[in-house]
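Visitor: Pasted the sequence and its predicted model underneath.
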Amino acid sequence: MKLSPAYRLASTILHGFDEYRARFKEITHDASRRFRDAAWREAQQASAERINLYEEKVQDTLGRLRRTFEHDVLSHCECWREARDHYAELISQRLDYELAETFFNSLFCSIFHHRHIRNDWMFVYSSREDAAHHSGIELCRRQSVRGDWQAALKWALQEAPLDNQFDDIDRDAELGAEFLTANLPSVILEAQDSEIELLQSVFYRNKGAYLVGRIIGGGEQVPLVLPVLHGTGFGEEEGASAGLHLDTVLIESDEVSIIFSFTRAYFQVEVTVPGEFVAYLQQLMPQKPQGELYAAIGFFKHGKTEFFRALNHQVAKRDDQFIIAPGVRGMVMAVFVLPSYRTVFKIIKDKFDPTKEMSRENVREKYRLVKRHDRVGRMADTQEFSNFIARQDHFSPECLEHLLEVAPSTVYLKDDKVIIKHCYTERMMTPLNLYLEDCGEEETLTVLKDYGNAIKQMAAANIFPGDMLLKNFGVTRHGRVIFYDYDEICYLTECNFRHIPEAMYPEQELADEPWYSVGPNDIFPEEFGPFLFANPHMRKLFYQLHPDLFDADYWKGLQQAIRDGRVIDVYPYRNKQRFGGSNGELTY
């Protein structure tokens, strides 16, 4: 029987998706071996490869479609309507059906250049909105506590599927039990039915392995995350053999949410049933959007799908309008927000301010760099959209007028619709310069310290933010300082940090122009103070908190560590929470 072009189209796309999933699973499965062998640089490379993999497989499949089918078939929407129905049937029994739908959408959008976004022709809404059946696969392992928290924690560590032995598992279990008995709610501590429940899969990222689950008892629950590191390996070289140790215990929902933050690299974790896995994680972090959780475990394209669906739902409610984002307007980006959705939308302007010497493509490449790089909890993840469409009355008149003025090649009107050809979205944060306006002295010190730590931690990951002005950083609901303006970002190792040469005579210091030569990549940390802070008091506080940031030798030391191949640790929890190890913020 000759199969219809639509059925063959659906089958070809599914074949491409299967190739993507097979390679994705291979990279993810090998994370346990990389952790076992302390192959930290290889882990970084694998993370970048897995991010790039999606677009590579979409392009491979697109090429296959174009070689296999006539243009008239690929460009015929009715053929795609039929193909969508066939595809929905082909994936109806799959455990990863929602990821398969997103892959279909990616091919459709590639063919039609993000036009014709209709549920008839692609999966604007899921094919299994109503009743996705439960797989029956057991996600978790469990252990009753019976009043012995040390034994329960020893079980949690001992039975984890980790290849390395713990240096002193009894000591780790004792430290963890002391923490739990001092910090758990009494209703759980005293309950007869208390148990520890952990996901079977281990979450790997950077130099850490994370056991994730919850503690249940007395009708209550708290999340539980057990970060495991190589025991004496804080200063070990690549591939050095070391035992393991429990680094801390996390039981606060906000702390766990930070572990899964949109500012961090995606976890490498084996996931059999993505939807059920994400649903479990959402029980631990109820305020975390579903799209962010999909992204956190590596399915960032489907995270984008979930974000788009939630955004459409929010816009349809028409509770508010898009407005210009509060704060100083950008030199490169026009930024607007939907206040009720806590998301910012960023559009590259047609003309940049004169001090910005770069092209549109330069800016896009900076955003791609951040997407591929380890964001170390200090750089916001972004989603990229083409042909975003909304009704004119969804925009405030001032916002729409501004967008049409600064980006006419990107934003235009068609009937009652606003068409945005290209934009980025990020989680909304309070701009740091605005946040500091309302801070008292103690909170100012806390925020300035975190601002400096953010700069240091990005540098540890080989990222120099370029434009470090306060307006380019934001503060999250957890009070963390995050960088979000990427147009001048570069690798730290590309910079040439210099001390300002001594003037040969006093008149040189008073001249309008510097008395020394300045190359295109030259950076003089001694000049940071006046550049970052117009307020002398705030400048003095920052210098007291982070004097090393004003010293070129500090930056050169970081550069040398990176060139030597040392992967610098940046922990996703407060240093004072750690049971042992370094007392510093960064560890080599």
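Guide: Done, it's in.
Visitor: switch to C-alpha atoms for all contacts and neighbour counts from now on
Guide: Will do.
Visitor: shaky segments in the stretch 101-250 of the chain?
Guide: 129-133, 232-242 (pLDDT under 70).
Visitor: show me where it has helices.
Guide: 149-158, 169-183, 186-189 (DSSP state H, counting those that start in this stretch).
Visitor: other SSEs contacting the shortest one?
Guide: Of the remaining helices and strands, those touching helix 186-189 by 3 or more C-alpha pairs under 8 Å, 6 or more residues apart in numbering; DSSP states H and E are strand 208-217, strand 220-230.
Visitor: Of all those strands, which one comes closest to Leu469?
Guide: Leu469 sits nearest to strand 208-217 of all these, at 31.9 Å, using C-alpha to C-alpha.
Visitor: Which strands border that closest one, and is each parallel or antiparallel?
Guide: Sheet pairing of strand 208-217 (DSSP bridges) gives strand 195-199 (antiparallel), strand 203-205 (antiparallel), strand 220-230 (antiparallel).
Visitor: in the longest one, what counts as buried?
Guide: So the one you mean is strand 220-230. Buried positions in strand 220-230, judged by neighbour count with 16 or more other C-alpha atoms under 10 Å: 221-230.
Visitor: need those residues in TSV with distance to Leu413, can you?
Guide: Converted to TSV, those look like this (distance: C-alpha to C-alpha, whole Å):
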residue	distance to Leu413
Gln221	51
Val222	49
Pro223	48
Leu224	50
Val225	49
Leu226	52
Pro227	51
Val228	53
Leu229	54
His230	57
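Visitor: As CSV, the helices and strands packed on helix 186-189 with distance to Leu184 would be great.
Guide: Converted to CSV, these look like this (distance: least, C-alpha to C-alpha, whole Å):
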stretch, distance to Leu184
strand 208-217, 9
strand 220-230, 8
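Visitor: what's the closest of the ones you listed to Leu250?
Guide: strand 220-230 (5.1 Å).
Visitor: That closest one vs helix 169-183, what angle?
Guide: 150 degrees (axes from the mean of the first three to the mean of the last three C-alpha atoms, to 10 degrees).
Visitor: CA atoms only for strand 220-230, dumped as PDB, please.
Guide: This file holds the C-alpha atoms of strand 220-230, laid out as PDB (Å, rounded to 0.1, in the frame of the first residue of the first chain):
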ATOM      1  CA  GLU A 220       3.200  17.400  55.800                       C
ATOM      2  CA  GLN A 221       6.100  17.500  53.400                       C
ATOM      3  CA  VAL A 222       9.300  19.500  52.800                       C
ATOM      4  CA  PRO A 223      11.600  19.200  49.700                       C
ATOM      5  CA  LEU A 224      14.900  17.500  50.200                       C
ATOM      6  CA  VAL A 225      18.100  18.000  48.100                       C
ATOM      7  CA  LEU A 226      21.400  16.300  49.000                       C
ATOM      8  CA  PRO A 227      24.300  17.700  47.100                       C
ATOM      9  CA  VAL A 228      27.200  15.200  46.800                       C
ATOM     10  CA  LEU A 229      30.700  16.300  45.800                       C
ATOM     11  CA  HIS A 230      34.100  14.500  45.500                       C
END
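Visitor: one step back: please work out which of the helices of the stretch 101-250 of the chain is packed deepest.
Guide: Highest mean neighbour count of the helices of the stretch 101-250 of the chain: helix 149-158, a mean of 20 (counted as mean count of other C-alpha atoms under 10 Å).
Visitor: Okay, buried residues for the longest helix anywhere in the chain please.
Guide: Counting residues, the longest helix found in the chain (DSSP state H) is helix 40-68. Neighbour-count burial for helix 40-68 flags 40-41, 43-44, 46-48, 50-51, 53-54, 57-59, 61-62, 65 (criterion: 16+ other C-alpha under 10 Å).
Visitor: quick one: contacts of the helix or strand that that helix is followed by?
Guide: Counting by DSSP states H and E, the next helix or strand C-terminal to helix 40-68 is helix 71-74. Identification of contacts with helix 71-74 by C-alpha atoms under 8 Å, 6 or more residues apart in numbering yields 5, 65-66, 79-80, 111.
Visitor: could you point out which element follows helix 71-74?
Guide: Next element after helix 71-74 (DSSP H and E): helix 77-90.
Visitor: Give the other helices and strands that that next one contacts.
Guide: Going by 3+ C-alpha pairs under 8 Å, 6+ apart, helix 77-90 lies up against helix 5-29.
Visitor: just how off-centre is the helix it packs on within its chain?
Guide: Its chain's C-alpha centre and that of helix 5-29 lie 25 Å apart, by C-alpha atoms, centre = their mean, to the nearest Å.
Visitor: what's the burial count for Gly519?
Guide: 8 (other C-alpha atoms under 10 Å).
Visitor: ok, the closest residue to Ala46 other than its chain neighbours - how many residues close by?
Guide: Residue nearest to Ala46 in three dimensions, not counting chain neighbours: Ile27, with 6.6 Å by C-alpha to C-alpha, 6 or more residues apart in numbering. Residues near Ile27, counting by other C-alpha under 10 Å, number 18.
Visitor: Next: the one 4 residues further on.
Guide: As a burial measure, the neighbour count of Ala31 was computed by other C-alpha under 10 Å and equals 26.
Visitor: Next one, pLDDT for Pro520 please.
Guide: The model reports Pro520 with a pLDDT of 83.
Visitor: got it, and the one 10 residues further on?
Guide: Pro530 is assigned 88 on the pLDDT scale.
Visitor: Tell me where the stretch 451-588 of the chain has strands.
Guide: 463-464, 473-475, 481-483, 490-491, 496-497, 522-523 (DSSP state E, counting those that start in this stretch).
Visitor: Could you list the low-pLDDT ranges of this protein?
Guide: 1-2, 129-133, 232-242, 503-513, 515-516, 580-588.
Visitor: All the strands of the stretch 251-400 of the chain, residue numbers only.
Guide: Going by DSSP E, counting those that start in this stretch, the stretch 251-400 of the chain shows strands at 323-324, 333-338, 343-348, 383-391.
Visitor: Can you check what angle separates the third one from strand 333-338?
Guide: Here the directions of strand 343-348 and strand 333-338 differ by 150 degrees (the same axes, to 10 degrees).
Visitor: Surely Ile568 and Ala461 touch.
Guide: Yes - counting by C-alpha atoms under 8 Å, Ile568 does reach Ala461; the two are 7.0 Å apart.
Visitor: list the contacts for Lys417?
Guide: Counted by C-alpha under 8 Å, 6+ apart, Lys417 has contacts 389-392.
Visitor: could the residues you listed go into CSV alongside neighbour count and distance to Tyr97?
Guide: CSV is the format used below for the contacts of Lys417 (neighbours: other C-alpha atoms under 10 Å; distance: C-alpha to C-alpha, whole Å):
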residue, neighbour count, distance to Tyr97
Ile389, 16, 26
Ala390, 18, 28
Arg391, 15, 31
Gln392, 18, 35
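Visitor: In terms of distance to Ile323, which of those residues ranks first?
Guide: Gln392 (12.1 Å).
Visitor: ok, back up a step: the strands paired with strand 208-217: which one's closest to His302?
Guide: Comparing the strands paired with strand 208-217 by C-alpha to C-alpha, strand 203-205 comes nearest, at 19.0 Å.
Visitor: Run the chain-centre distance for that closest one.
Guide: 14 Å.
Visitor: List the contacts of the closest residue to Asp551 other than its chain neighbours.
Guide: Excluding the flanking residues, the one nearest Asp551 by C-alpha to C-alpha, 6+ apart is Pro525, at 5.8 Å. Pro525 sits next to 497-499, 549-552 when contact means C-alpha under 8 Å, 6+ apart.
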